[in-house]
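S.K.: generate a structure from the sequence data that follows.
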Amino acid sequence: MVAKQLSIDGERATGQDVRTQNVMAVSALANVVRTSFGPVGLDKMLVDNIGDVTITNDGATILKLMEVEHPAAKVLVQLAELQDQEVGDGTTSVVLLAAEILKRSNELVNRKIHPTSIINGLRLASKEAIKYVSDVLSVKVETLSKDVFLNAAKTSMASKIIGGESEFFSKLAVDALTRVKTTNVKGEAKYPVKAINILKSHGKSARESMMIEGYAINCTVASQQMPKRIVSAKIAFLDMNLNKQRMPMGVMVTVTDPNQLEAIRDRESDIIKERIQMIIKSGANVILTTKGIDDLCLKYFVEAGAMAVRRCKKEDLKRIAKATGGQVLLTLANMEGGESFEESSLGHADEVTTERIADDECILVKTSALKSASIILRGANTVMLDEMERALHDALCIVKRTLESGTVVAGGGAVEAALSVYLENFATTLGSREQLAIAEYAEALLCIPKILAVNAAKDATELVAKLRAHQHAAQTDASKRHLSNAGLDLVNGKIRNNMEAGVLEPAMSKVKMIKFATEAAITILRIDETIKLNPKEDPGHDDH
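M.R.: Reported below is the predicted structural model:
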């Protein structure tokens with residue numbers, strides 16, 4: 001359709017042109033992450049405008065660092081970020097599925113089927129798929145062996161840099177998460193991933209990474225004369241400078257008597273001395289601050305036998321405060337206009353120690369009430385350590401979801417193939433236009449096992465055909481029901497029972513993937529016109 005001549009300062013495109021452009025942009029984006037998908041996927045190297053190098057396999061990280069300009073492709077970037085926040089893993093598959101659904105929907109539009117009919121069909125297909133996953137494919141964790149959480153973590157790590165050491169790291173992830181278990185008001189068990197602090201340290205091999213009980217922060221004591229270990233610690237959390245008080249900029253003081261000048265200097269020293277004595281008098285023997293502590297203040301802390309740590313990260317401070325029952329103070333000012341330090345704002349820990357880990361010293365805060373854990377990663381270089389951290393974070397999120405939701409499904413394309421067969425049969429029961437959209441949706445779901453097989457250098461057509469045959473038998477013949485867990489074995493290029501092989505994913509991950517991918521595809525499919533305004537020129541500035 002020709003762009004109508006409107007009196008606007010910009011370009012206007014309508015109809016099929018817009019849809020074709022959007023589908024091309026989305027497909028181009030999906031092609032970038034396509035080869036990084038699956039346990040034998042390849043990595044991407046991204047170099048930003050200042051030359052920082054990132055080597056990663058994580059879909060959300062790749063898309064975020066690409067700084068996409070196209071508005072429709074941006075929807076996919078946000079989609080990957082959403083999947084990352086909600087589930088933690090499966091960011092690549094959600095993008096690939098959304099792009100495939102969109103491509104097939106666009107072909108239907110070209111065959112003169114109205115977008116509204118297609119959208120209704122997609123919504124119906126997504127609803128049926130989610131219902132089928134929840135009712136038929138998902139398995140309760142209680143019915144499986146104890147290794148189910150380890151297997152879920154291994155499946156998540158399979159495609160990452162630590163895939164070769166997945167046995168070791170999956171144990172690390174499960175141990176750390178079970179340590180930070182808390183129970184909320186409703187009596188539900190929660191596993192906060194943020195309660196696990198991940199530190200990175202150069203040197204040694206990945207296998208020498210370790211978990212430490214307690215919250216580790218990458219800082220050291222401000223003075224070597226301070227104690228290195230304090231038992232039954234009372235911790236003060238400050239977000240302020242502990243420096244000698246100075247006059248603010250722009251304040252003028254006219255002094256006629258030189259003695260008065262000396263008195264002003266003394267008073268400046270006394271102000272900070274009073275503050276420190278106030279903190280120590282409240283019983284605090286460990287002081288953590290996000291800002292600096294100067295030598296004058298250190299002297300008072302050393303005399304009092306307290307441990308002071310400066311330049312801590314604010315998020316670490318907040319986390320330790322939460323775990324120990326303290327609160328972070330921005331100022332010592334009180335409601336009366338004076339200054340005071342309440343004992344109630346102190347946090348309590350069993351012990352605070354300084355430990356040497358690798359070449360760095362770390363402060364460890366150990367509490368028995370609210371558990372916390374830290375994982376220290378070792379590796380050859382920064383690029384590798386960053387990728388290890390991303391992989392471990394994904395695995396922690398997956399284990400958390402499995403522990404909290406309590407249901408898992410077989411991985412390796414099993415769910416997608418089962419849904420494809422089920423939706424194809426479901427489509428034939430409908431006598432309306434939605435039938436075509438649901439049939440295309442069923443085809444689109446097969447892109448996941450196809451890409452998995454292609455990336456593993458196997459014959460995708462043959463493997464997917466075998467997989468569909470297994471799933472069809474499982475759904476039509478009651479005696480072959482066990483075949484519903486049949487998925488791909490990408491190392492040997494065969495079909496196997498992935499539930500028994502230990503290739504597991506939380507059911508929630510698949511449900512969210514289907515939901516988000518369908519919603520994103522519908523959002524882009526609804527667009528039938530774009531108006532792009534030209535940037536305004538500022539008349540006040542010349543080009544020179």
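
S.K.: next SSE downstream of the helix or strand harbouring V95?
M.R.: Assigned by DSSP states H and E, V95 belongs to helix 91-110. Proceeding N to C from helix 91-110, the next assigned helix or strand is helix 115-132, under DSSP H and E.

S.K.: and for S134, the neighbour number?
M.R.: Close neighbours of S134, defined as other CB atoms under 10 Å, add up to 15. The way it works is simple: take the backbone N, C-alpha and C, and place the C-beta from them, glycine included.

S.K.: could I get the full set of strands for the stretch 251-400 of the chain?
M.R.: Along the stretch 251-400 of the chain, the stretches classed as strands by DSSP state E, counting those that start in this stretch are 286-289, 307-309, 328-329, 347-357, 360-366, 373-379.

S.K.: likewise for the stretch 401-544 of the chain?
M.R.: With DSSP E, counting those that start in this stretch as the criterion, the stretch 401-544 of the chain has strands spanning 407-410, 486-489, 494-497, 504-506, 529-533.

S.K.: those strands: which one's closest to A391?
M.R.: Closest to A391 of the strands of the stretch 401-544 of the chain, according to CB to CB: strand 504-506, at 15.5 Å.

S.K.: what strands line up against the closest one, and which way round?
M.R.: Partners of strand 504-506 in the sheet, by DSSP bridges, are strand 407-410 (antiparallel).

S.K.: I'd like the average pLDDT over the strand it pairs with.
M.R.: Averaging pLDDT along strand 407-410 gives 88.

S.K.: residues touching that strand, excluding its own?
M.R.: Outside strand 407-410, the residues that touch it by CB atoms under 8 Å, 6 or more residues apart in numbering are 133-134, 137-141, 144, 148, 152, 402, 415, 485-487, 497-499, 503-508, 510.

S.K.: buried ones among these?
M.R.: Taking 16 or more other CB atoms under 10 Å as the criterion, what is buried in the contacts of strand 407-410 is 133, 137-139, 141, 144, 148, 152, 402, 415, 485-487, 497-499, 503-508, 510.

S.K.: looking at the contacts of strand 407-410, which are in helices?
M.R.: The members of the contacts of strand 407-410 that map onto helices under DSSP state H are 148, 152, 402, 415, 498-499, 507-508, 510.

S.K.: circling back: which of the strands of the stretch 401-544 of the chain is buried the deepest?
M.R.: strand 504-506 (a mean of 29; mean count of other CB atoms under 10 Å).

S.K.: how much space between T220 and D257?
M.R.: T220 is 45 Å from D257, where distance means CB to CB, to the nearest Å.

S.K.: ok, now D360?
M.R.: Distance of D360 to D257, computed by CB to CB: 51 Å.

S.K.: so the two - more neighbours on which side?
M.R.: D360 (14 against 8).

S.K.: R246 touches E268, doesn't it?
M.R.: Yes. In this structure, R246 is within contact of E268 by CB atoms under 8 Å, at 6.5 Å.

S.K.: between these two, tell me which one has more neighbours.
M.R.: E268 (15 against 9).

S.K.: next, count neighbours for the closest residue to that one other than its chain neighbours.
M.R.: Of all residues not flanking E268 in the chain, Q245 sits nearest, at 4.6 Å (CB to CB, 6 or more residues apart in numbering). Residues lying near Q245 (other CB under 10 Å) number 15.

S.K.: what's the answer for L79, then?
M.R.: Neighbour number of L79 under other CB under 10 Å is 25.

S.K.: just the element for it, please.
M.R.: Assigned by DSSP H and E, L79 falls in helix 71-86.

S.K.: cool, and I62?
M.R.: Applying DSSP H and E, one finds I62 within helix 59-65.

S.K.: so which residues of the stretch 401-544 of the chain form helices?
M.R.: Remark: helices assigned in the stretch 401-544 of the chain by DSSP state H, counting those that start in this stretch are 414-428, 434-445, 447-455, 460-476, 498-501, 507-525.

S.K.: so which of those comes closest to G15?
M.R.: Smallest distance to G15 across these (CB to CB): 13.3 Å, for helix 507-525.

S.K.: surely A395 touches S159?
M.R.: No. Using CB under 8 Å, A395 is not in contact with S159, being 11.1 Å away.

S.K.: in CSV, list the helices of the stretch 401-544 of the chain along with distance to K273 and mean pLDDT.
M.R.: CSV is the format used below for the helices of the stretch 401-544 of the chain (distance: least, CB to CB, whole Å; pLDDT from 0 to 100):
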stretch, distance to K273, mean pLDDT
helix 414-428, 66, 90
helix 434-445, 70, 90
helix 447-455, 66, 90
helix 460-476, 74, 89
helix 498-501, 67, 84
helix 507-525, 56, 90
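
S.K.: could those go into JSON lines alongside distance to G187?
M.R.: Shown next, in JSON lines, are the helices of the stretch 401-544 of the chain (distance: least, CB to CB, whole Å):
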{"stretch": "helix 414-428", "distance to G187": "31"}
{"stretch": "helix 434-445", "distance to G187": "37"}
{"stretch": "helix 447-455", "distance to G187": "37"}
{"stretch": "helix 460-476", "distance to G187": "37"}
{"stretch": "helix 498-501", "distance to G187": "30"}
{"stretch": "helix 507-525", "distance to G187": "20"}
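
S.K.: low-confidence regions, the chain specifically.
M.R.: Scanning the chain with the threshold set as pLDDT under 70 gives 1-6, 247, 358, 369-370, 538-544.

S.K.: once you drop chain neighbours, what's closest to E188?
M.R.: E188 sits nearest to E404 (CB to CB, 6+ apart), 7.7 Å away.

S.K.: what about the one you found, distance to D175?
M.R.: 17 Å.

S.K.: for S484, same thing?
M.R.: In terms of CB to CB, S484 sits 32 Å off from D175.

S.K.: do I have it right that T428 meets E434?
M.R.: No. Assessed by CB under 8 Å, T428 is found out of contact with E434, at 11.9 Å.
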